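Peer 1: Starting from these lines, generate the structure:
(chains A, B, C, D, E and F, ligands or ions: 6)
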Amino acid sequence: MMPVKRIEIIVDELEVPKVLKLLDEAGVSGYTVIKDATGKGDRGLRGGDDLTGVFANSYIMTACPPGEKLDFIVEALRPILKQRGGVCLVSDAHWIIH
Amino acid sequence: MMPVKRIEIIVDELEVPKVLKLLDEAGVSGYTVIKDATGKGDRGLRGGDDLTGVFANSYIMTACPPGEKLDFIVEALRPILKQRGGVCLVSDAHWIIH
Amino acid sequence: MMPVKRIEIIVDELEVPKVLKLLDEAGVSGYTVIKDATGKGDRGLRGGDDLTGVFANSYIMTACPPGEKLDFIVEALRPILKQRGGVCLVSDAHWIIH
Amino acid sequence: MDLNLLIGNFLNPPILFFFLGLLAVFVRSDLEIPTPIPKILSLYLLFAIGLKGGVGIAASGFETKIAVTLAAATVMASVVPLYAFFILRRKLSVADAAAIAATYGSISAVTFITAAAFLEKLSLPYGGYMVAAMALMESPAIIVAVLLYRLRSSDRNGSDFSWRELWRDAFFNGSVFLIMGSLVIGVLSGEAGATALKPFTSDIFTGVLCFFLLDMGVVAARRLGDLKRAGVFLTAFGILLPVGNAAIAIPLAYALGLSQGDAFLFTILCASASYIAVPAAMRLSIPEANPSLYVPMSLAITFPFNIIAGMPLYLAIINRIWS
Amino acid sequence: MDLNLLIGNFLNPPILFFFLGLLAVFVRSDLEIPTPIPKILSLYLLFAIGLKGGVGIAASGFETKIAVTLAAATVMASVVPLYAFFILRRKLSVADAAAIAATYGSISAVTFITAAAFLEKLSLPYGGYMVAAMALMESPAIIVAVLLYRLRSSDRNGSDFSWRELWRDAFFNGSVFLIMGSLVIGVLSGEAGATALKPFTSDIFTGVLCFFLLDMGVVAARRLGDLKRAGVFLTAFGILLPVGNAAIAIPLAYALGLSQGDAFLFTILCASASYIAVPAAMRLSIPEANPSLYVPMSLAITFPFNIIAGMPLYLAIINRIWS
Amino acid sequence: MDLNLLIGNFLNPPILFFFLGLLAVFVRSDLEIPTPIPKILSLYLLFAIGLKGGVGIAASGFETKIAVTLAAATVMASVVPLYAFFILRRKLSVADAAAIAATYGSISAVTFITAAAFLEKLSLPYGGYMVAAMALMESPAIIVAVLLYRLRSSDRNGSDFSWRELWRDAFFNGSVFLIMGSLVIGVLSGEAGATALKPFTSDIFTGVLCFFLLDMGVVAARRLGDLKRAGVFLTAFGILLPVGNAAIAIPLAYALGLSQGDAFLFTILCASASYIAVPAAMRLSIPEANPSLYVPMSLAITFPFNIIAGMPLYLAIINRIWS
Ligand SMILES: Nc1ncnc2c1ncn2[C@@H]1O[C@H](COP(=O)(O)O)[C@@H](O)[C@H]1O
Ligand SMILES: Nc1ncnc2c1ncn2[C@@H]1O[C@H](COP(=O)(O)O)[C@@H](O)[C@H]1O
Ligand SMILES: Nc1ncnc2c1ncn2[C@@H]1O[C@H](COP(=O)(O)O)[C@@H](O)[C@H]1O
Ligand code: NA
Ligand code: NA
Ligand code: NA
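Peer 2: Ligands and ions are numbered 1, 2, ... in the order given. Predicted coordinates for the structure are as follows:
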């Protein structure tokens, strides 16, 4: 089992393409997206109840080896999160290599 | 990056408002909810296949700094989980501060 | 709070029954499934945009005590992941016992 | 003629699609209506039946006979859970007995709708106010059951219980609210509104109902497994109580001088058991009760029994008595 | 007669269902249309109105008067955000002012659709090309607002800004694209296509609209809370600007020699505010702007005002002037 | 007249909406039909066509000619994958060859439905039993392909393979099961059922088909990228094999003495490729095969080719021969 960093990102549905582009640039091996995550944060309630996607979140998860990639992603995400809001959590995990 | 506790709660869709109220009372900075999580546990299969929400789960995730808040949440959740079933996991993570 | 291993599995929607059967055999106390996880990996983009389920992922999460169960699950999963693709992450967590 | 009714009902597309749904699960087909479609289909059915009822009332006007019928409906909905509770107490915990009592005291809108479609197929008329009766019958059983539960049960986990919430769950839960609302809108907008909405609320209605019952079949079959837990007593209860309720409802309807169509719907309401409004309310106000008992009972026993055997049976009896 | 219009509109099922949705939230009912159903309902409405418009154009043919009207529509959609911006700047940041200006410069397809249904109820005819006008009026305000924002704002976070993307968001966002596409398809397939699609696009239309407005009511009521943040100034703005726009649109429509139906739709377009296309575009190109201002303003103030009071008001005035 | 057919088909709303879907992706619009709506739309289409077919059979009755046609259909569905496999083996692995062979041996219900709508537009009649033929043609290719695969491939990963599961996936997968079920229900409920369901199954059918094809266009365009991997050989295969199958099907249909409408549908069935039932089955029983080959081939090449150029082409030839 390979130690990896598990990065969880929660952002506007509308920001998702930008974040995924960023992950591709970082060269992660892949990612998983769960749409229609509702929630609450500094920008208030986010019902998935609208037609605009302005108030809907998506949940993005990617596992990547610790090191440069991770730092690149984190640094690239900061401005987005700062400007557009959202959350990014990093935790440790082990990847079952197959 | 700030060390935080990542709390995951899986409960009846019907219990969600109660749990969120509890989280608000605990003063967490926010939370994320993913509806329509199906699953299996002590109370048997939980298809998302019903009209009542009685057999549907929701997944709730919140990140909060370790310490009192966490303890408050855990203690407040216990009776709910005991009575209504459900699961609560706590793990370590780092929050990208923006 | 009981230390547990948090196993996350992301596979084809079509593989889910097989994986859940496997988890039941391993005797886990339960699991949670989130359907319609889209994503990207070695097998390319996985829009949830098709009628076949061939290109849709599901997210499976189970918490189980460290030890044999875990090893059994990991070993049983490897061939499936190898052949059908997908990802399995294992991380540490604490279960709020109720 | 009873047999004709039975067969006629059996060959009714909605019923056939219910069977198709059951069959899908038995042959382990992966056929299923993905969430949240069943939810929206049921909202559509409530929306449509509510409007139909409202327009019907607007047309017929409001007579005292209607008021009497509505009163009778409310009374039945409050009495049924009482005797159901005491029957169930012989074998079950207070919590389970109360929750199942609520389930059978309340009504199943889809059963009502299927029955109404059955009447239309036989071109037997019915009054729009019966929809109002349905709406009125959803909630009382919930209140009665929770009262029984709280009077009889030692552990009241009063901590997080609130009458206000119960009241809201009982009278303002989505389905009750939507039927009532559509009913009122039907009354207000009357003929004009009716004609504008007819293609949506009437013409495609049967088709949507078929689709919905297809899903009901799948869900019912899936829940059948839980019945092992329910055992013989509850399985029998799931068939005999509806018949018993019908045995009370039919004479009562006769005494009230209802038309055959109205009497039939009144009977089916008393005989039917809830699986939308009540389970949600019970889960919240009687958490000790086991949903794997009361949901499969109403969904996998009483609902199929009513739409397959119950409807033709009740109607046959009514035809005998009225003619 | 104004009063009749008001009441007639008020008793229109779609409006009544909008109120029902509001009410559901106020009584804290759990009634809601689950995602993604509202999305698909709105796609259906755009699809249907687009086809209707296209067929209408195919029937009427393309005269210069149409071209003039379309030009006037585009001009209005570009001018409204200008003066809206400078009014808003008195109290708001450049970002918020620009975003709200875009919201009110653009249009609300659902308001237009509700207005069209209102006309059909009164059997007042309107030209299919008004749908084209609607489609044309969605985008200009977005461009204008972003221009204003980028000229006036110091921090342009130019980093991730791209005109190509803005252009695409403005002209190819899902709703604009679907209306335009359906419109063209309506023109191409003409009468033959129309008859084949009529049951889907016309007959069940009102019913679907009711369902959609039920959800709109729920969403609007949920967003009402955000209005505290908006305050008196913006709440007043949300009502007065539409009226002001109407006061410009009506004489203009008269000058252009539009029929009463077309004038009414032209007015409602100018008076309506966007809550689908614009918020998404603003979120991406003016991220500093606070969506909790511009969304609730258009959704919870302007939309209800227009469909409840605005429509009968504007039509009454038009009837006065034209007759 | 061929040209008229081509244009007439091209201006058919469903086809136009397919193009609109393609266009949406090319201009990078964010238009999309959110899941699970496409799924439910396709269930609706199967439901509706199944009922139509059943009612048709109930009306026409069951003659030997029908039996012969169904037999021929089954044979074609078993033979096509055979020769397809050996053609494909020249360039591809056993797994990929078998999976693609299954894809082209089986049928596309939506292609069939679009073809049926095309016939109705030209008011050419067809027999309800052709729907039965469609249902029968879905599964054999799956069995044949898996047989070929398991005979020819060294690595059989027999571990988790089960014929029972394969059988179930082939004959009881959701789409096959729903068509078959609706067909039988159509036969059982006959005229009475038909009239009750007509508004839902027939009137709004074309509209729903347009919506579904809009989504098909989006999905097909998205999958176009994968075709790079497919290369020239498979791209050509995706067009030439259908034409080849049609070249066999048309004379066969003539020999069987089918009407023009039935012959056309028989041809389109042989020419069409599956992208619902087969991919799911292949994924499970031939996991080595690459879905990014067989799905885009049927979805992004063969499906568009058939509904745009194939349908008018096949019909033109049939008209020539039959007249
Ligand atoms: N402490 C938290 N834990 C989990 N999710 C959060 C937290 N804070 C914010 N979020 C999620 O991130 C989204 C955007 O956060 P914000 O930008 O702070 O409004 C919220 O809608 C939540 O879904
Ligand atoms: N060991 C577990 N791992 C992950 N999820 C679980 C586990 N046990 C239970 N769950 C989830 O929690 C829900 C309620 O659990 P229970 O109350 O035990 O029936 C289940 O339906 C699952 O979705
Ligand atoms: N590095 C990763 N992080 C998160 N999810 C991943 C990762 N790699 C693959 N996945 C998920 O696993 C699915 C199947 O992966 P694959 O078999 O590599 O195509 C993908 O569609 C993603 O949803
Ligand atoms: Na009852
Ligand atoms: Na406007
Ligand atoms: Na074929």
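Peer 1: Enumerate every residue touching whatever residue of chain D ends up closest to chain B.
Peer 2: Per CB to the nearest CB, D:Pro279 is where chain D lies closest to chain B, at 4.3 Å. Glycine gets a C-beta too; all of them are placed from N, C-alpha and C. The neighbourhood of D:Pro279, defined by CB atoms under 8 Å, 6 or more residues apart in numbering or on different chains, consists of B:52, B:54, D:103, D:291, D:294-295.
Peer 1: Just the pLDDT for it.
Peer 2: At D:Pro279, the model reports a pLDDT of 89.
Peer 1: Next, find the distance separating it from B:Ala56.
Peer 2: Noted for D:Pro279: a distance of 11 Å to B:Ala56, by CB to CB, to the nearest Å.
Peer 1: Check the burial of residue 25 by counting its neighbours.
Peer 2: You didn't say which chain, so I picked chain A. By other CB atoms under 10 Å in any protein chain shown, 11 other residues sit near A:Glu25.
Peer 1: if you could check chain D rather than the one you did, that'd help
Peer 2: With other CB under 10 Å as criterion, D:Val25 counts 19.
Peer 1: where do the strands sit along the chain?
Peer 2: Here I'm looking at chain A. According to DSSP state E, chain A carries its strands in the segments A:2-12, A:31-41, A:44-46, A:57-64, A:87-95.
Peer 1: among those strands, which is nearest ligand 6?
Peer 2: Minimum separation from ligand 6 across the strands of chain A (CB to the ion) falls at strand A:31-41, 34.5 Å.
Peer 1: How about that closest one and chain B, touching?
Peer 2: Yes - between strand A:31-41 and chain B, judged by CB under 8 Å from any CB of the partner chain, the touching residues are A:34, A:36-41.
Peer 1: Also stretch D:258-277?
Peer 2: Yes - applying CB under 8 Å from any CB, one finds stretch D:258-277 in contact with chain B at D:275-276.
Peer 1: tell me how far the ends of that stretch are from each other?
Peer 2: This stretch, stretch D:258-277, spans 27 Å end to end (CA to CA, to the nearest Å).
Peer 1: Which single residue in chain A comes nearest to chain B?
Peer 2: For chain A, CB to the nearest CB, closest residue to chain B: A:Gly41, 3.4 Å.
Peer 1: which residue sits closest to that residue, ignoring its sequence neighbours?
Peer 2: What sits nearest to A:Gly41 in space, not counting adjacent residues and going by CB to CB, 6 or more residues apart in numbering or on different chains, is B:Gly30, at 3.4 Å.
Peer 1: Distance-wise, check that neighbour relative to ligand 6.
Peer 2: As judged by CB to the ion, to the nearest Å, B:Gly30 and ligand 6 stand 53 Å apart.
Peer 1: List the contacts of that residue.
Peer 2: Per CB under 8 Å, 6+ apart, neighbours of B:Gly30: A:39-42, A:87, B:62.
Peer 1: So what does it have for phi and psi?
Peer 2: The phi/psi pair for B:Gly30 (degrees, to the nearest 10) reads phi 170, psi -180.
Peer 1: cool, and D:Gly310?
Peer 2: Backbone geometry at D:Gly310, expressed as degrees, to the nearest 10, gives phi -60, psi -50.
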